[in-house]
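> next one to model:
(4 chains)
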4 protein chains.
Amino acid sequence: MRTLNVAIIGQNFMGKAHSHAWSNAGRFFDLPAKPILKVAVGRDQATLRDFAERWGWQETASDWREVVQRDDVDVVDVAVPNDMHAEIAIAAAEAGKHVFCEKPIGLDADEARRMLAAAERAGVVHYLNHNYRRTPAVMLAKQLIDEGFVGRIFHWRGAYLQDWIVDPDFPLTWHLQAERAGAGPHFDLGSHNVDLARFLVGEISSVSAMTARFVEARPLPGAGAATFSAGSGGSGEKGPVTVEDAAFVVAEFANGALGTIETSRFALGRKNHHTFEIYGSDGSILFDLERLNELQVFSRHDAAHVQGFRTVLATESVHPYIDAWWPPGHVIGYEHGFHHAVVDFVHAVVDGTPLAPTFADGLRETLVLEAALESARSGRRMEVEPA
Amino acid sequence: MRTLNVAIIGQNFMGKAHSHAWSNAGRFFDLPAKPILKVAVGRDQATLRDFAERWGWQETASDWREVVQRDDVDVVDVAVPNDMHAEIAIAAAEAGKHVFCEKPIGLDADEARRMLAAAERAGVVHYLNHNYRRTPAVMLAKQLIDEGFVGRIFHWRGAYLQDWIVDPDFPLTWHLQAERAGAGPHFDLGSHNVDLARFLVGEISSVSAMTARFVEARPLPGAGAATFSAGSGGSGEKGPVTVEDAAFVVAEFANGALGTIETSRFALGRKNHHTFEIYGSDGSILFDLERLNELQVFSRHDAAHVQGFRTVLATESVHPYIDAWWPPGHVIGYEHGFHHAVVDFVHAVVDGTPLAPTFADGLRETLVLEAALESARSGRRMEVEPA
Amino acid sequence: MRTLNVAIIGQNFMGKAHSHAWSNAGRFFDLPAKPILKVAVGRDQATLRDFAERWGWQETASDWREVVQRDDVDVVDVAVPNDMHAEIAIAAAEAGKHVFCEKPIGLDADEARRMLAAAERAGVVHYLNHNYRRTPAVMLAKQLIDEGFVGRIFHWRGAYLQDWIVDPDFPLTWHLQAERAGAGPHFDLGSHNVDLARFLVGEISSVSAMTARFVEARPLPGAGAATFSAGSGGSGEKGPVTVEDAAFVVAEFANGALGTIETSRFALGRKNHHTFEIYGSDGSILFDLERLNELQVFSRHDAAHVQGFRTVLATESVHPYIDAWWPPGHVIGYEHGFHHAVVDFVHAVVDGTPLAPTFADGLRETLVLEAALESARSGRRMEVEPA
Amino acid sequence: MRTLNVAIIGQNFMGKAHSHAWSNAGRFFDLPAKPILKVAVGRDQATLRDFAERWGWQETASDWREVVQRDDVDVVDVAVPNDMHAEIAIAAAEAGKHVFCEKPIGLDADEARRMLAAAERAGVVHYLNHNYRRTPAVMLAKQLIDEGFVGRIFHWRGAYLQDWIVDPDFPLTWHLQAERAGAGPHFDLGSHNVDLARFLVGEISSVSAMTARFVEARPLPGAGAATFSAGSGGSGEKGPVTVEDAAFVVAEFANGALGTIETSRFALGRKNHHTFEIYGSDGSILFDLERLNELQVFSRHDAAHVQGFRTVLATESVHPYIDAWWPPGHVIGYEHGFHHAVVDFVHAVVDGTPLAPTFADGLRETLVLEAALESARSGRRMEVEPA
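Presented below is the predicted three-dimensional model:
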């Protein structure tokens, strides 16, 4: 069987999620090539060795520039913070490697444009990992829209709410620094929501937005402060938060739909509340990532006395990707979307099956996000720049 | 026992809801004065007589101008379409009558200003009937906020969605004509949502908005076309829809909270989906009018392993207004808010108990709504004008 | 317009609910006769006068025996504790009065048999007020079953759970004394559930049951201790609880369906949790009284990829009884079922429209309940005795 | 690092779920020994080779008797149909192997007794895989009960409902044959529910039950008919169903609690509806496997005006097992319970950490299940025989 040698850059949250997918996707799905976990690249060599052993990466390395040039590497998986995406992805593409890149694409549209250009020039497969597209329930939503279940779409109501920094003593991790993260939840969470909006409804043409920052300065983190936990703090010094804490956007779609995209890290009780509501002339669809096995659908073509939102448990063999997993009602979790992404990525590399989202999608979504930030700054509705 | 003589102007949906409240509030609650259903005023005398007999109005009349001058009338209840509110309410106030006025206050801020001025000059009780404030679950939300359960408020996410005009053959009723309704769902539904936002969070300082119209022309209704039903149509001719079909607003509050107010009549499956979400530094609150007996609350002061949104069934005797009704778990409905409004109105008239919302609230909320419409037109964020 | 003179016996919880219905049903519905609230009968004349004035009963009286003989009384409404149902209902029937009797029918099957015999002999309308049948969502369930939506029924899963006596200091009210209540939740709540089971599924042929008592003795109530509240207690003495605190029943239906009927007053958090689940060969139906405007339905005839439980908000004009009330999504409450009962009762009296449940249903359901109690005592499955 | 050599017998649904856990548990959790996937045993050698390669089993074999004797095997994983559990588990124990056995324990209490005796004689670790115990939400329920959150337990309401054989043309797979499955859903699903009831509430002392069979004969399956799918059928011949289609049980617990255990494969719309409700003197707990990341809890110690069922999303690092997985709100799925079982099993083998459920639990739960079947046959309440 053909093999695909993978190099991963990054060993934290996304390194773990990607490794799990690379090593298990082929067990549940029949792949046209077997991914080989060739080499893991990271800065901290002590933790990296444990990471590699745990996940079955055959080698470790510290210099990603060297690794992306290796002849025995076919795929480069970019699983590092946002500010390194562009540089690594461009180098990998220029070295002729297929690129599996964690979202968001980079720090701004300029980076995205250069990444896309490099990938297109090189003719490699380029994939931006908006993993939530590949949740079976979300794919079912797409299928329903394509089948005409929803009809003409009037509304997208999107939100992605979390609460992990409500505590003002939560430290100033990289997520809260503009130069490393690009923006706050608007990029981190909003990019996911814009991706689903574009996937399910279509292009966004103009936006009006406001942002807010509720905590202006936070304790500087101690060395090695972990993501998503308050850590033990460092010196007691504080540094300025330079990203927004929340961004609420009203959006007009090219097809006339009116929508919202609302993101916040200050929504107590919301842990991973990524939701959308789609309303159309024939039906409606609701989704909540915290109940990701479910899709709620409404059809005005049901008999009048039994119309209502149906809770579809998207765990039947007729649902996307499910046949590879478990019997009906045996729910899947967060990580399974990563497996599906690997499956489709391998097919794209081997068979040339079209794959999305690509860096082109990443560029397009960044233009939407940047237009919203500009609207928040200027107080004016902004047309979204063409890609 | 003291009595209060009431004259009602209007005999349709709101006439019915108000009459029910006037005649039954005193049965469940101990009132300081007994409302007397003195006279019902309407244009169609045939239906009016049936209406009066059914609900126990002692007399009928056709000329509201005459009725509001009658010495034996203490209270004027304005239950007619929006374009008549100002004229009637002002005349009633000038005649020294207390005014119970259905929402929204009128067609624009100018009308609201004149209504407020007249009522204040006359020193009468003026009440704008945003009945949803007096849902026990909403009053509980207010109580929780006042108690500090929510802490500093970061977000208001408000929506009011319905679906009764998705069908393009739904006729051009008065709701769809700017000159009679002022605006579309933004006024009809949005006024309710802004009222709750102001009640629970505080004043709104600036807004950015977009609106959409999905159906440009609709069949002219036949004579007597009923509200909320497609009717049998008239001549087959169409007329232009001159209000928006949906309005999505981002709002900044004076206290720094960031919010949204989203209204639409094109949200299939949503029948009376008036919802809000409030997120604060200590807790969160969720409400959905379609399950109006329930309030969901989250507290970060619960033990870490059992934090979660609680579904409070607001039917306990400790909950606002409930003691007058039924035992725990015996739910109440839409109409009960009207009863509570009558109870509090009678107390305001007799005891001078403060009552809200007043015409001052109506003015203030209209300024918010108008700023949003202007933002949608101009593409600029608008400061809300001071009242 | 024809009138119907009503005498009510009882002035507490049910007296209030019935009075509300008698005085308002004709306002929302077109009745073939106008109910006249003629006379209210009760023991405590001071509270009775207030009750009568509040609800519009024209007269008060203290001796029900006299009242049921009055020529100017057409209908006797029995709204007293269970141990007085039989005597009053029989006397009323023998005097030729139509009887509107609160559930459960009486203390045992013998009483039920005598009530039925008296009513049939007299040829009067006899109605047993299982008000939950007339919730629109429940009536919709019946309609769906009759239409074939459910197909062959395999299962009934019924429960009625409350929590008002979990506190061991809750006093020994009449509900907890066998000689006054007949039994505990098995009668009080179980009679409702059996009524719905028989209405929706059919006759129950055999039962196996267990009961439990969790608190053996309780404080004797002070004079005038109110229903459903712990009261301030009396002397500190305790008396024995002589009814069960919970009863769980497995039931076989004549049509082969297998079911359960589970009642308890010891289910913390359940306030009025009257639920059923019906599973059939073509569809399923779920109901919960705490969300009484909703019915959940599942059809296996939906397309495979969008099957799921639909939450039908039974507030559309196509739903039973709703057209008389409010627009879609404007929910109704607990009390509305009483109004519907009055509507149908008046039709039965005036037009001879068939009405159920009758005393025959009351007898039949009592035989089921008694068989279950006997099963709990004997440890043997009991056939339900024919009526 | 120490290693544990595992032999698995079985390659179907459970073979897959177990293999996944053996190969991945050590990646997420720090194990005291590394499981080595040594040898997979099965009858169909062609599919077995693919299975082994896919999951990383080093060898394949066809004779389980030989394999359980191998010196290089430490653990035998029994993942075959119920009728082979006893023979394999006993042989493995007698050969001194630790046994990881899929539920239910065997065909009857006699088998369970012999399995337990063999395992105890041999002094090996014996584990019965009721995987749902190790769902974080279920473990949280256990923790809450141990902490006193629930207080004295009054009720267990357990159910496990599915719908995969409602179609009468679903073939006669082994699940529907008494000699291979022991019983129907009562064993397959009921064993899970009884396990949780015993885990969370305590021993069951007596039961009353009824069972039903809705389809008496079914098409004989074609060769190789897959589990959980209707298959293409075989000859058109039918054979008798010899197990029940549904079993409803009322149970008394040794501590006085009253409960139910209801299982069916004829509950349309229920895919994997494994639920329980626990009601106690201080709090209540609700669980539904189809939303397995959630636990609903009610406490009467919350302030009176904000009491209600909380939906706890059991994905916080404070929740059992979660720290090894993903950040808050990133839900896990069905398969994760198997990983947790492997983790705890390895600890039991290496560290001697107590592990449950064991074969002793399997025996005890089988006695409960058999008493219920006997009750259904005899129509008498049955005491559960001591183990």
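> A:Val194 should be in a helix, yeah?
Yes. Assessed with DSSP: H, G, I helix; E, B strand; the rest coil, A:Val194 lies in a helix.
> near chain D at all, the helix or strand where A:Ile261 lies?
Assigned by DSSP states H and E, A:Ile261 belongs to strand A:258-264. No. Shown here: strand A:258-264 not in contact with chain D (C-beta under 8 Å from any C-beta of the partner chain), separated by at least 13.6 Å. For every residue, glycine as well, the C-beta is placed using N, CA and C.
> wait, does that strand contact chain B?
Yes. With C-beta under 8 Å from any C-beta as the criterion, chain B is reached by strand A:258-264 at A:Leu258, A:Gly259, A:Thr260, A:Glu262, A:Ser264.
> ok, so of those residues, who is nearest chain D?
Chain D has its nearest neighbour among those in A:Ser264, at 13.6 Å by C-beta to the nearest C-beta.
> hang on, the earlier thing: ok, the residues of strand A:258-264 next to chain B vs A:Ala112, which is closest?
A:Gly259 (21.9 Å; C-beta to C-beta).
> excluding chain neighbours, what is closest to A:Met14?
Once flanking residues are discounted, A:Met14 sits nearest to A:Ala79: 4.0 Å by C-beta to C-beta, 6 or more residues apart in numbering or on different chains.
> near chain C, which residues of the stretch 101-250 of chain A?
A:Leu140, A:Gln143, A:Leu144, A:Phe149.
> show the model's pLDDT score for whatever residue of the stretch 51-200 of chain A ends up closest to chain B.
Nearest to chain B in the stretch 51-200 of chain A, going by C-beta to the nearest C-beta, is A:Phe154, at a distance of 4.3 Å. Note for A:Phe154: predicted pLDDT of 98.
> helices along chain A, start to end?
With DSSP state H, the ranges of helices along chain A come out as A:13-28, A:45-55, A:64-67, A:85-94, A:109-122, A:136-147, A:178-181, A:185-188, A:190-200, A:336-351, A:359-378.
> what about the stretch 201-350 of chain A, any weak spots by pLDDT?
The stretch 201-350 of chain A contains residues with pLDDT under 70 at A:223-235.
> ok, 90 please
Confidence mapping of the stretch 201-350 of chain A against pLDDT under 90 gives the ranges A:221-236.
> can you pull the residues of it lying near chain B?
Counting by C-beta under 8 Å from any C-beta, the stretch 201-350 of chain A comes close to chain B at A:206, A:208-212, A:214, A:245-246, A:248-252, A:256-260, A:262, A:264, A:266-270, A:277, A:279-284, A:298, A:300, A:307-309.
> ok, the residue of the stretch 1-150 of chain A found nearest chain C - contacts?
At 6.4 Å from chain C, A:Leu140 is the closest residue in the stretch 1-150 of chain A, using C-beta to the nearest C-beta. Shown here is A:Leu140, whose contacts under the criterion C-beta atoms under 8 Å, 6 or more residues apart in numbering or on different chains are A:Leu295, A:Val312, A:Ala314, A:His319, A:Pro320, C:His305.
> OK, contacts around the nearest residue to the fifth one once chain neighbours are set aside?
Taking C-beta to C-beta, 6+ apart as the measure, A:Pro320 lies nearest to A:Met139, with 3.7 Å between them; neighbours along the chain are not counted. Contacts of A:Met139 were listed using C-beta under 8 Å, 6+ apart, and they are A:Arg133, A:His319, A:Pro320, A:Tyr321.
> what's the answer for A:Val99, then?
Applying C-beta under 8 Å, 6+ apart to A:Val99 gives the contacts A:Val75, A:Val76, A:Val78, A:Ala89, A:Ala92, A:Ala93, A:Ala119, A:Val124, A:Val125, A:His126, A:Tyr127.
> same question for A:His192.
With contact taken as C-beta under 8 Å, 6+ apart, A:His192 is in contact with A:Lys103, A:His130, A:Tyr132, A:Tyr160, A:His274.
> wait, the second one sits on A:Asp195?
Yes. Taking C-beta atoms under 8 Å as the definition, A:His130 is a contact partner of A:Asp195 at 4.1 Å.
> could you tell me which residues touch both of these two?
Contact with both A:His130 and A:Asp195 is made by residues A:Lys103, A:Pro357, A:Asp361, according to C-beta under 8 Å, 6+ apart.
> who wins on neighbours among the residues you listed?
When neighbours are counted by other C-beta atoms under 10 Å in any protein chain shown, A:Asp361 leads the shared contacts of A:His130 and A:Asp195 with 24 neighbours.
> against A:Ala254, how distant is it?
15 Å (C-beta to C-beta, to the nearest Å).
> could you do A:Val76 as well?
34 Å.
> neighbour count for these two, which is higher?
The residue with more neighbours, out of A:Val76 and A:Ala254, is A:Val76; 26 against 12, by other C-beta under 10 Å.
> need the contact list for that one.
A:Val6, A:Ala7, A:Ile9, A:Val67, A:Val68, A:Ile88, A:Ala89, A:Ala92, A:Lys97, A:His98, A:Val99, A:Phe100.
> can you tell me the closest non-neighbouring residue to it?
Excluding the flanking residues, the one nearest A:Val76 by C-beta to C-beta, 6+ apart is A:Ala92, at 3.7 Å.
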